[in-house]
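Participant: Sharing a sequence plus its predicted fold:
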Amino acid sequence: MGARRLGDRTVLVPGSPNTLIVETGEGVLVVDPGIGEGRGRLIREAAGGGRVEVVLTHGHTDHLAATVELDARVVAAHRLCIALVESSATRRALVYGGLVSAKTAAMPMVELRVHRVLEWGERVEDGVYAVALPGHTPGHTGVLVEDDGVVAAGDAVVGERVLQRYGIPFALDARGWVESLSRLERLVERGYTVVPGHGPIASGERALQMIEANRSAMERAKRLLSELISTEPMTAAEAAYRLTVRLSRSEPSVRQLLLNETTVTSLLAWLEEEGLAEPVATERGVVWRAARK
Ligand SMILES: [Zn+2]
């Protein structure tokens, strides 16, 4: 599917992730160029010449790798995502819960300089704002195009089919991620069209359904996790395996288990904060059990 216009100054280049092109006075802002050979060329064509600059919702490889092919500068990323964009080691460590090898990560080791540090609420360009949607990563940011009523939501929400495939949405901070879903909901209620990183764009009732499906997927993972550790104390890695088999349609591969373990670790922290789980040091490693009241 080719590029299509969403408003006077906003063009969608569909993909996984989706890319938004926002026209400015002097050129365009490209939100999340994406990944894959030819992606940069495709975006350049859709941008139609002029100055091209990149804004990132967050510092994950699949959202930023095509910046290299696009031969553009990253003009803005949130303060809390800078290390993810600039260091492949930090990125790998925060996605996989430790520094895995390049081979295990199976992602290009792209590292980019960020030329401007964003704060939430800040104006990126005329009529373009950075909004707080943290959780997937600490600095995860929505990019809001006010005139066109469009928000690039990055991985703050995913389409239902992607959700079903993975079962457990990735979040470094699951609690923060769920809280951001409510912020996104308020934007939809104000009439904004949501462009998720992965999945079809949606507005109105359709967008609210997508957000609700995301919320209930994370709540289901949390509830199952709580049940699992109540039945049998286990490590985060063991819990990640059980949840992956139960909830996901994708293979419990090394990468998938490491990713899910990161989310599970944050769900365990959430349960601990609520007084529902506690960690114990054992020969097997840190084992989690239901908290004794
Ligand atoms: Zn991501």
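Facilitator: Right, received. Where do you want to start?

Participant: Can you name the residues that contact the residue in the stretch 151-293 of the chain that the ion sits nearest to?
Facilitator: For the stretch 151-293 of the chain, the residue closest to the ion is Asp155, as judged by Cβ to the ion, at 3.9 Å. C-beta here means a position set from N, CA and C on the backbone, and glycine is covered the same way. Asp155 sits next to 17, 57-58, 60, 63, 136-137, 140, 170, 196-198 when contact means Cβ atoms under 8 Å, 6 or more residues apart in numbering.

Participant: Please apply the same query to Val245.
Facilitator: Contact analysis of Val245 by Cβ under 8 Å, 6+ apart lists Pro252.

Participant: what number of residues lie near the residue in the stretch 51-200 of the chain that the ion sits nearest to?
Facilitator: Among the residues of the stretch 51-200 of the chain, His60 lies closest to the ion, at 3.4 Å counting by Cβ to the ion. The tally of other residues near His60 (other Cβ atoms under 10 Å) stands at 26.

Participant: Just to check, Arg116 is in contact with Arg73?
Facilitator: No. Applying Cβ atoms under 8 Å, one finds Arg116 not in contact with Arg73, separated by 9.4 Å.

Participant: between the two, which one's more packed in?
Facilitator: Neighbour count, other Cβ under 10 Å: between Arg116 and Arg73, Arg73 has more, with 16 against 13.

Participant: Which strand residues bridge that one?
Facilitator: Beta-bridge partners for Arg73, by DSSP bridges, are Glu53.

Participant: give me every residue that touches it.
Facilitator: Arg73 sits next to 53-54, 113, 115 when contact means Cβ under 8 Å, 6+ apart.

Participant: Serialize those residues to TSV and add fields for pLDDT.
Facilitator: What follows is the contacts of Arg73, written out as TSV (pLDDT from 0 to 100):
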residue	pLDDT
Glu53	95
Val54	96
Arg113	96
His115	94
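
Participant: Give me the distance between the two termini of stretch 58-68.
Facilitator: Distance across stretch 58-68, first residue to last, is 16 Å (Cα to Cα, to the nearest Å).

Participant: contacts for that stretch?
Facilitator: So stretch 58-68 is contacted by 16-17, 32-36, 39-40, 43, 54, 56-57, 74, 77-78, 81-86, 88, 91, 95, 107-108, 110, 112, 136-137, 139-141, 154-155, 197 (Cβ under 8 Å, 6+ apart).
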